[in-house]
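[1] Provided below are the primary sequence and the corresponding predicted coordinates.
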Amino acid sequence: MEAALSLTAKMLHISSVEELARSLISRAMLVSGRFEAHEFGRNQHSSASAGGFLIGISGIRGIRDEVVRPVVDGVLGLLDADGSARGHDNDASAGRTSWTESQLLFGLLCRPHLVTGEYDLLRGLAGALLAKQHSGGGWPLREGEDPEFTFAFYPALALSRAYRTGVRQEEGVRVALAATAHYLENVLHQQKISVEEAILGYSALERVYAVIGESPTISLRENKKQILESAWDAEGGLRLQDRLIIIYRQPAWHSLTWHPLLYLCLRRWSSPLAPVNALLGAELLDGFSPSISAWPGPVGGVRHRSGASWASALALKATVHLARDLMVAGVSEHEYRERVGSLQSDGYEYDIAISFAGADRSVAENITRRLEAAGLRVFYDRDHQHELLGEDLAMYLQVTYMSKSRFAIVLVSEAFKSSSWAGNWEWKAVLARMQRQRTGYVLPYIMEEVMLPGLSPTLGFVSSSDYSPDEFSKLVVRKVRAAGG
């Protein structure tokens, strides 16, 4: 494990994994036994985030018990005698959810030898979690609510570990796990769900069946193969994204599936050099910010510039696993980087195509030059005048936006909307690509508040009132690199 920690430190360009872990702990643990909910420095407690943070830190086997113990003790301090967890600072009931209880239980059982004297407390926590299971085997956020597929993931892991470690080994727990497995199978078989949800579902099924000793009614091997095939292709690259679980009264940062962390589920499905694993690993490495010694987590750091607590702990755990997997496979860091580079050469001629009105050319050129300085390939019309000369421009630009560019930047303004060219032919090409791809493609830079036909108000954007062209360019660079470009 020592060698894996050294390789992790080398790949992240840090002095040591344990030193980084200590730094994360000092920022995540607040006064009065509280834990940072999400962004470091916000000073807002969340027990669910405490559980996620503990899962990450305690799951890194090379970190010594003496480093992890304060986090374990802090999490134990969040629990009442009956297993009830401390509520969120802004909503006391937010701590009494299956999402919170399952992460706390799983995190505490990552190092069971540190909590052997607290098994009565853990039995109470497991009991509180069991009481929330739906009659159909699924897991709602709160008792009495409808089950949500993603919320079955951590209860499956937590109760499997509780059963295996002897914390709760009665038949009722085994029955609950079997019901969870049947619920997951039914949803996976009957309903249309995202590939990210399918990864969580099959990963949970593997854990449950390994504990209860039953055989699945669906082919795990064949379905996992299909998932890996659908998660990447040579033309479009990695086809995974962050997923927001829309649940009433659930804080947004509790309800995000940050897709780089899917490496923790997928690492056992294939080699670290397989396309999906290699590219997810690259996102983990590229997502680390040395300037803040943390990972910004979901939303690419746009709102969380100081780093995210639970995301950083889990990402550090995943990166250590990546390093270990490379060593077991006999793959050097150089060979891994070469493999990632070859996968990222995905056939796109440009990383970015930039669409704008003539009145906004100075901003467009400023952004273009900054992106090029960062090593990105940019389609900017003035640099390709010799190619455009004599061509059917409508057809040329249709091909550029539809198949030659990985992303498109659109400078949204009144001038763009009224432009007979950019707001017409180019925008139609962008919309066509959005309809075909159905994942993040257009990167809007809002220069003026205008209603642009086809631009969804729920699409993530950046406003010029909040970010200068230089700051926007830096976000675009991070976006492209995180996507494997």
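    Happy to help now that I have it.
[2] what's in contact with stretch 444-456?
    Residues outside stretch 444-456 that contact it (CB atoms under 8 Å, 6 or more residues apart in numbering): 360, 363, 367, 409-414, 416-417, 423, 427, 431, 434, 442, 459, 461-464, 469, 472. Where C-beta positions appear, they are placed from N, C-alpha and C, glycine not excepted.
[3] How many residues are close by the residue nearest to residue 272 when sequence neighbours are not counted?
    Spatial nearest neighbour of residue 272, excluding adjacent residues (CB to CB, 6 or more residues apart in numbering): residue 325 at 4.2 Å. By the criterion of other CB atoms under 10 Å, residue 325 has 20 neighbours.
[4] coming back round to it: what subset of the contacts of stretch 444-456 is buried?
    With burial judged by 16 or more other CB atoms under 10 Å, the buried subset of the contacts of stretch 444-456 is 360, 363, 367, 409-413, 416-417, 423, 427, 431, 434, 442, 461-462, 464, 469, 472.
[5] correct me, but residue 305 touches residue 295?
    No: using CB atoms under 8 Å, residue 305 is not in contact with residue 295, being 11.8 Å away.
[6] Looking at the two, which has the bigger crowd around it?
    Taking neighbours as other CB under 10 Å, residue 305 and residue 295 compare with residue 295 leading, 28 against 14.
[7] wouldn't residue 396 be in contact with residue 388 here?
    Yes: here residue 396 lies in contact with residue 388, judged by CB under 8 Å, at a distance of 6.5 Å.
[8] Let me know how buried residue 15 is, in neighbour terms.
    Other residues close to residue 15 by other CB under 10 Å number 9.
[9] quick one: it and residue 324, what's the gap?
    Between residue 15 and residue 324 the computed distance is 19 Å (CB to CB, to the nearest Å).
[10] who's in contact with the nearest residue to residue 2 once chain neighbours are set aside?
    Sequence neighbours aside, residue 62 is the residue nearest to residue 2 in space, at 6.5 Å (criterion: CB to CB, 6+ apart). Taking CB under 8 Å, 6+ apart, we find residue 62 in contact with 1, 2, 4, 5, 17, 18, 320.
[11] got a list of what residue 264 touches?
    Contact analysis of residue 264 by CB under 8 Å, 6+ apart lists 314, 317, 318, 321.
[12] among those residues, which are in helices?
    Mapping the contacts of residue 264 onto helices (DSSP state H) picks out 314, 317, 318, 321.
[13] I'd say residue 101 and residue 128 touch.
    Yes: between residue 101 and residue 128 there is a contact under CB under 8 Å: 5.5 Å.
[14] Between these two, which is the more surrounded one?
    For residue 101 and residue 128, the more surrounded residue by other CB under 10 Å is residue 101, and the numbers stand at 29 against 23.
[15] returning to that earlier point: how about JSON lines for the contacts of residue 264, with neighbour count and pLDDT added?
    Shown next, in JSON lines, are the contacts of residue 264 (neighbours: other CB atoms under 10 Å; pLDDT from 0 to 100):
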{"residue": "314", "neighbour count": "24", "pLDDT": "96"}
{"residue": "317", "neighbour count": "25", "pLDDT": "97"}
{"residue": "318", "neighbour count": "25", "pLDDT": "97"}
{"residue": "321", "neighbour count": "22", "pLDDT": "97"}
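[16] okay, among the residues you listed, which ones form the most distant pair?
    Greatest spatial distance in the contacts of residue 264: 314 and 321, 10.6 Å, computed using CB to CB.
[17] tell me the mean pLDDT for stretch 114-129?
    When pLDDT is averaged over stretch 114-129, the result is 93.
[18] How far away from the center of its chain is it?
    Here stretch 114-129 is found 29 Å from its chain centre; the criterion is CA atoms, centre = their mean, to the nearest Å.
[19] List the contacts of that stretch.
    Applying CB under 8 Å, 6+ apart, the contact partners of stretch 114-129 are 58, 65, 68-69, 72, 76, 79, 81-85, 96, 98, 101-102, 104-105, 108-109, 155, 158-159, 162, 167-168, 173.
[20] Restricted to buried residues, select these in PyMOL.
    Selection command for PyMOL covering only the buried members of the contacts of stretch 114-129, criterion 16+ other CB under 10 Å:
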select buried, resi 58+68+72+76+79+83+84+85+96+98+101+102+104+105+108+109+155+158+159+162+167+168+173
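[21] Can I get stretch 208-216 as PDB, trimmed to CA atoms?
    The C-alpha trace of stretch 208-216 is given here as PDB (Å, rounded to 0.1, in the frame of the first residue of the first chain):
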ATOM      1  CA  VAL A 208     -25.700  -7.600  -1.800                       C
ATOM      2  CA  TYR A 209     -25.600 -11.000  -3.600                       C
ATOM      3  CA  ALA A 210     -22.000 -11.600  -2.300                       C
ATOM      4  CA  VAL A 211     -23.500 -11.300   1.200                       C
ATOM      5  CA  ILE A 212     -26.800 -13.100   1.000                       C
ATOM      6  CA  GLY A 213     -25.500 -16.000  -1.100                       C
ATOM      7  CA  GLU A 214     -28.300 -15.900  -3.700                       C
ATOM      8  CA  SER A 215     -27.900 -15.800  -7.500                       C
ATOM      9  CA  PRO A 216     -29.200 -12.800  -9.500                       C
END
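[22] The closest residue to residue 78 other than its chain neighbours - how many residues pack around it?
    Nearest non-adjacent residue to residue 78, counting by CB to CB, 6+ apart: residue 86, 4.3 Å away. A count of nearby residues for residue 86, using other CB under 10 Å, gives 24.
[23] Outline the domain layout of the chain.
    Per automatic domain parsing, the domain ranges recorded for the chain read 2-335, 348-482.
[24] Start and end of the first one, how far apart?
    The first residue of domain 2-335 is 21 Å away from its last residue (CA to CA, to the nearest Å).
[25] How far does it sit from its chain's centre?
    Using CA atoms, centre = their mean, the offset of domain 2-335 from its chain centre is 11 Å.
[26] returning to that earlier point: which of the contacts of stretch 114-129 fall in helices?
    Cross-referencing the contacts of stretch 114-129 against helices under DSSP H gives 58, 65, 68-69, 72, 76, 98, 101-102, 104-105, 108, 155, 158-159, 162, 173.
[27] ok, so what distance separates residue 89 from residue 43?
    For residue 89, the distance to residue 43 equals 9 Å [CB to CB].
[28] Looking at these two, which is more packed in?
    Between residue 89 and residue 43, counted using other CB under 10 Å, residue 89 has the larger neighbour count: 16 against 12.
[29] which residue sits closest to the more buried one, ignoring its sequence neighbours?
    Spatial nearest neighbour of residue 89, excluding adjacent residues (CB to CB, 6+ apart): residue 45 at 4.6 Å.
[30] Quick one: residues contacting that neighbour.
    By CB under 8 Å, 6+ apart, the contact set of residue 45 is 30, 34, 35, 36, 37, 86, 88, 89.
[31] buried stuff in stretch 194-213?
    Result for stretch 194-213 [16+ other CB under 10 Å]: buried residues 195-209, 211-212.
[32] which residue is nearest the centroid of the chain?
    residue 258 (1.3 Å; CA atoms, centre = their mean).
[33] Name the strands paired with the strand ranked longest in the chain and say parallel or antiparallel.
    Scanning the chain for the strand with the most residues, using DSSP state E, yields strand 405-412. In the sheet, strand 405-412 lines up against strand 350-355 (parallel), strand 442-446 (parallel) (DSSP bridges).
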